[in-house]
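**Q** Provided below for reference: sequence and predicted model.
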Amino acid sequence: MGKTSWTVYDLQVEAMTTPLAIDCDMPRFSWKLGSRARGTMQAAYEIQVFLEDTGELVWDSGRVEEAWTSEISYQGTALRPRSSYRWTVTAWNMEGDAALAEDRFETGLMDARESAWEPAVWIGAPRPGLCANVKGIFWIEARLRIPEGSCQAGIVFGAKDFRLLDRTKNTSWIQGENYISYELDISKVPARLHIYRVGYHPDDSAQVPFASVELPQGIMDESRHQFHTLAVEVRGNIALAYVDGTLVDYETANDGSCRGRQLNPLGQNDVITFPRLNEIGFTAAPGSAGIFQSLLVRDIRTPKAVLIQEDAECEDSIFAKAIEEGRLERTEEGFLLCAERGRTLVTADPSHTSEPMLRRDFMVRNGAALKRARLYVTARGIYDGYVNGAPLTEDWFTPGASQYDKHIQYQVYDITKRLQPGANAMGFYLASGWWSDAQTYTLMNYNYFGDRPSLLAMLELRYEDGTQEVIGTDCESWRYSGEGPVLYASNFHGEQYDARREAEISAFSTAAYAHEAWSAPARIHPVPIPEEEQAQPWPAPNHTDPEITAQIGPSVGVVDILTAKSMRQPQPGVYIYDLEQNIAGVPKIRLHGRPGQVIRFRYGEIVYPPLNDYGPLAGLILTENLRDASAMDLYICKGDPQGEEFFPKLTFHGFRYVEITGVEEPPALEDVTCAALSSIRTRTGDIQTSDPLVNRLFRNICWSQSANFISIPTDCPQRNERLGWMGDAQVFAKTAGYNADVRHFYSRFLQAARDLQSPEGQYPNIAPVGGGFGGIAWESAGIIVTWETFQQYGDRRIVEENFDACMRYIKYLRSKGEPVLLRKVGPLGDWLASDMSTDNLLIWNAIYAYDVKILAKMARAIDRQEEAKVLENLFQQIQETWNVTFVDNTTGKTRSWDGQINDTQCSYALPLSYGIFTRENAGKAAEHLARRTREVGHKVTTGFLGTAPLNPVLCDYGYSEDAYALLFQTEYPSWLYSVTQGATTIWERWNSYTVEKGFGGNNSMNSFNHYSLGAVGAWLYEYVLGIARDEEAPGFSRFILKPCIQGLAYANGFYESIHGRIESGWERTEGEIRYFAGVPAGTEARLYLPAGDIVENGVTASEAEGIQYLGREGNCCVYSLGSGEYSFTIR
């Protein structure tokens, strides 16, 4: 073998290429081997690591006679923080040829304490901004007096909601004046509180109160004409009212508890939220007057920041126009509003302050050569940074989602070449991200971690003469502006952008910019949330001492740009563009407009079909499934005659359709593009088959994973959820690992899960944030995702990091045993199955057994032998008891806890996949699974839990024809049903949409981009392609090639393992099968091919180079393959 045929490439440290922020003491090294020769293996390696500043050799592994090319831990002298290292690896093959390669890495702060950032401190806006048209959680309060001769006055909010001013923006098809008012009526004793709701429902009236209540005795009886405090606490769709601090209006729940009055005609939960704050102000009844001493709006959640406070002495009052026009009068007592003939309202938009902008000028010394410049940055929220006028990075939404009160990630940027001697500058936009604003489907989780974003940054300048400078965020040298073009931005509600402000700030990150109009930022301290204030079951963030650690793995970024394929106009002035692909992303649209022209963008995954149920909504985008997420962007034109571009950077949406309104002419198709965003920046797998529908299914799986891997593994990218549901993650983890390198992605996710683990050991159902519901099938992601990641990448460290937490979880589960099996670990079972009859206790205890089983294997892998023995014994107990309890001895069918036959696809597939049936019962169970599958017409009746194992189990037990029949099924429920309905991603429900019934009444809980039911992707890789892991050799150093060759004319694809690309493909023609395999250098494969006359490149397979015949197993010939490319023919 010549030396040129042997190479080392793709050098990585901690599975990252040339990383700038290694924060661990013992980073791991890895590389790939390159050789076209068959049977190539590494015989030995040597790693050397040098400190770049001095050239000092800090570690020499010496020649190590091992084939390992990954997971090799640093063993040298202690690494220094914020230092650069060069490393080399020499690898020898079995013939003694050597290959050499080198790369670099840098360490990060290597100190998770906030003190490591000194002198930098957290900075941000002195007060939170307010965007009234999306604010749904607020406290509004007025101090008012009804003068002698008058009887009724009050406060107004929710006025001029744009959604109700345009019938195409609401599902009730109403349009006109809209507001909500709370009015004190002192015309009788006792006084009353009248609530008026106008323009929110067709039956609303300005003359007849929506509701009226008598005030409790003693309130206002003797002081009717004195000042009183009227307050309304709006909690999304409901509200509580107070007079002088006494709760006076509420509803009583079924359990006797007090809850707010429902103001939203659509409902209380999981609906489009009404009201928003919108315009606020005052009202008086006909012939009455009101004097308003003050009007205040504040947040409900601690720290209860005051968002706006108005009184008659305010110089820049939001009511200045009304005062100028004589509709409102300033008096010594306050604002005076008089109504003569009809009810009089004076309202104004209280919105103020853009998203924060921060900047700083700094100097690079003249006369001293700059050696390196590193900028360390993180945020509570998200940041978008710039240096000397250029973007800091192509990454989005940094620093990414985490359990902020326990861990915050930071990033490091090499900006050496961006700086120049003399004056330089840097600037940042901030937005809420996953920190503040609307978070989760529980509306009262608004401002979950805090009430405003903040920045922590540190620039380190090192010069060739050995000197250095550190510049950190502070309140003295940094400047702040709340007058930027990004008026508002959040994950759920979109971005509102005023392009007229661009000219003022276009150079804000350059040294030439004059920031005299800017002010000092505030130092921002997080405030712990009191437990009693936190909506249950969500944990209250405590912010005691979070660790600030370097980010591992990729950030979110642009992965594709799509152009609209068609446009329709279902209503005048409403233009709907179809990308023909559901994505998570943002628009990137060329526009023309007048200065100040307002253009709105809304987003949907599907349009209403022309069915009677939807009436005039036909052709418009479905927004009911977005619920509280407004998913609307607003762009105010600057009026550039050459056109302008809207490309929001601080939000994202889940959508296929873009609705544009407010334009005089619809943009051309080529001007409507959208950027697809994902944390999956590159794919590691692909599959192509002879069936176009199967190919579309596979693409749908990939697109759903891409759209839902946005910093964390989410359930959906569009509605007010976008959460790290643990159940979704665990069922899809194997598929995810084939499609993309998710090693670090899941490591971050598991960190959040550990952060939220209870003192008793219970894992959360959602991570980060916590809360939600699910039970053992969701919580077990802590163990199952760890196992899947370990198996896919051979990553023992992820096992070591999670093992103790996994053991605590098993201890928690054992505390629920009665005495062996579990009963109270729900509530969810095979979620959203078309057959929901599978006994939950059967499922839960199968998962319990599986948790114990795989944790025992991981214990062995990291040499925790004592724990392994305990777990292995526990598994045997659970397995035996499970089979006695849930298997009918006479028929072999599964049964429920109470002994009734429970004969479903899930009841067999899940425990068979997990290896829970005993050997005696497994064969019968597989027979029953195949029988049941045929009885239901080869349709998929399983849900989130039972879907992934269904086809693999059928193939494992010899029923591959049934597995393929399931794959090819196009009737509901099946994988291809949604494909035939035009789906471009995986749906949440098997029947998210049908031609006959539309959305089937599931308008509000109906995601069209939900990867869970796409967990069949792993079967496509492992059985259709035949590329599968060998459990005894995690990380694909040895793997299985066992294609299930039938049903299709051909299938081919690859998986890019940590050792290199594995290829597999087959084609069936009349009388023969052709099969191709590619095995990376340094690995070996066990190949299973249908028995017959098998030749490889014209030579009998058993005699070909690199191949060893191992014998027959069933109907297969089994071979051992060394590395290389192989082409087989089977006759």
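**A** All right, it came through fine. Numbers count the residues shown, from 1 in each chain.
**Q** middle-most residue in this protein, spatially?
**A** Nearest residue to the geometric centre of the chain (Cα atoms, centre = their mean): Thr714, 3.8 Å.
**Q** mind showing which ranges of the protein have poor pLDDT?
**A** 1-4 (pLDDT under 70).
**Q** the residue of it most remote from its centre and Arg341: what is the separation?
**A** Most distant from the centre of the chain: Gly149, at 57.8 Å, with distances by Cα atoms, centre = their mean. Gly149 sits 16 Å away from Arg341, going by Cβ to Cβ, to the nearest Å. Just so you know, the C-beta spots here come from the backbone N, C-alpha and C atoms, and that holds for glycine as well.
**Q** and for Trp787?
**A** Using Cβ to Cβ, Trp787 is found at 74 Å from Arg341.
**Q** who has more neighbours, those two?
**A** Between Trp787 and Arg341, counted using other Cβ atoms under 10 Å, the more crowded position is Trp787 (27 against 7).
**Q** scan the protein for its longest strand.
**A** In the chain, assigned by DSSP state E, the strand with the most residues is strand 574-591.
**Q** show the subsequent helix or strand relative to it.
**A** Following strand 574-591 in sequence order, the next helix or strand is strand 598-604 (DSSP states H and E).
**Q** packing partners for whichever strand or helix holds Ser704?
**A** Taking DSSP H and E as the definition, Ser704 sits inside helix 692-708. Applying 3 or more Cβ pairs under 8 Å, 6 or more residues apart in numbering; DSSP states H and E, one finds that helix 692-708 makes contact with strand 574-591, strand 672-678, strand 685-689, helix 726-739, helix 960-968, helix 975-980, helix 1017-1019.
**Q** Ile71 touches Arg28, doesn't it?
**A** For the record, residue 71 is Glu, not Ile. Yes: using Cβ atoms under 8 Å, Glu71 makes contact with Arg28 at a distance of 5.5 Å.
**Q** just to revisit the earlier point, the residue nearest to the centre of the chain and Ser555: what is the separation?
**A** Distance from Thr714 to Ser555, by Cβ to Cβ: 15 Å.
**Q** and the strands in the stretch 951-1100 of the chain?
**A** Using DSSP state E, counting those that start in this stretch, the strands of the stretch 951-1100 of the chain run over 1027-1029, 1038-1041, 1050-1057, 1060-1069, 1072-1079, 1084-1090, 1094-1096, 1099-1100.
**Q** re earlier: what is in contact with Glu71 and Arg28 at once?
**A** Arg797 (Cβ atoms under 8 Å, 6 or more residues apart in numbering).
**Q** hang on, the earlier thing: would you list the helices and strands packed on helix 692-708 in TSV and tack on mean neighbour count and distance to Ile155?
**A** Converted to TSV, the helices and strands packed on helix 692-708 look like this (neighbours: other Cβ atoms under 10 Å; distance: least, Cβ to Cβ, whole Å):
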stretch	mean neighbour count	distance to Ile155
strand 574-591	22	34
strand 672-678	23	41
strand 685-689	21	58
helix 726-739	27	43
helix 960-968	20	60
helix 975-980	22	48
helix 1017-1019	26	54
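**Q** in a markdown table: these, plus distance to Ala540.
**A** Output for the helices and strands packed on helix 692-708, formatted as a markdown table (distance: least, Cβ to Cβ, whole Å):
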| stretch | distance to Ala540 |
| --- | --- |
| strand 574-591 | 29 |
| strand 672-678 | 31 |
| strand 685-689 | 41 |
| helix 726-739 | 20 |
| helix 960-968 | 45 |
| helix 975-980 | 40 |
| helix 1017-1019 | 38 |
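**Q** which positions in stretch 523-531 come out as buried?
**A** By 16 or more other Cβ atoms under 10 Å, the buried positions in stretch 523-531 come out as Ile524, Pro526, Val527, Ile529.
**Q** for Asp628, which non-adjacent residue is closest in space?
**A** Using Cβ to Cβ, 6 or more residues apart in numbering and skipping the chain neighbours, the partner closest in space to Asp628 is Asn720 (3.9 Å).
**Q** mind checking the end-to-end distance for stretch 770-787?
**A** Start-to-end span of stretch 770-787 (Cα to Cα, to the nearest Å) is 22 Å.
**Q** starting at the chain centroid, how far to it?
**A** Relative to its chain's centre, stretch 770-787 lies at 16 Å (Cα atoms, centre = their mean, to the nearest Å).
**Q** what's the burial count for Glu56?
**A** 11.
**Q** helix/strand/coil for Asn845?
**A** helix (DSSP: H, G, I helix; E, B strand; the rest coil).
**Q** tell me the contacts of the spatially closest residue to it that is not a sequence neighbour?
**A** Leaving aside its sequence neighbours, Asn845 sits nearest to Leu821 (Cβ to Cβ, 6+ apart; 4.9 Å). By Cβ under 8 Å, 6+ apart, the contact set of Leu821 is Leu841, Asn845, Tyr848, Ile878, Thr881, Trp882, Thr885.
**Q** take those and write them to a markdown table, including secondary structure and neighbour count.
**A** Below are those laid out as a markdown table (DSSP: H, G, I helix; E, B strand; the rest coil; neighbours: other Cβ atoms under 10 Å):
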| residue | secondary structure | neighbour count |
| --- | --- | --- |
| Leu841 | helix | 22 |
| Asn845 | helix | 28 |
| Tyr848 | helix | 28 |
| Ile878 | helix | 25 |
| Thr881 | helix | 16 |
| Trp882 | helix | 23 |
| Thr885 | helix | 16 |
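**Q** if we can go back for a sec, and the strands of the stretch 951-1100 of the chain: which comes nearest Tyr1126?
**A** Tyr1126 lies closest to strand 1072-1079 among these, at 4.7 Å (Cβ to Cβ).
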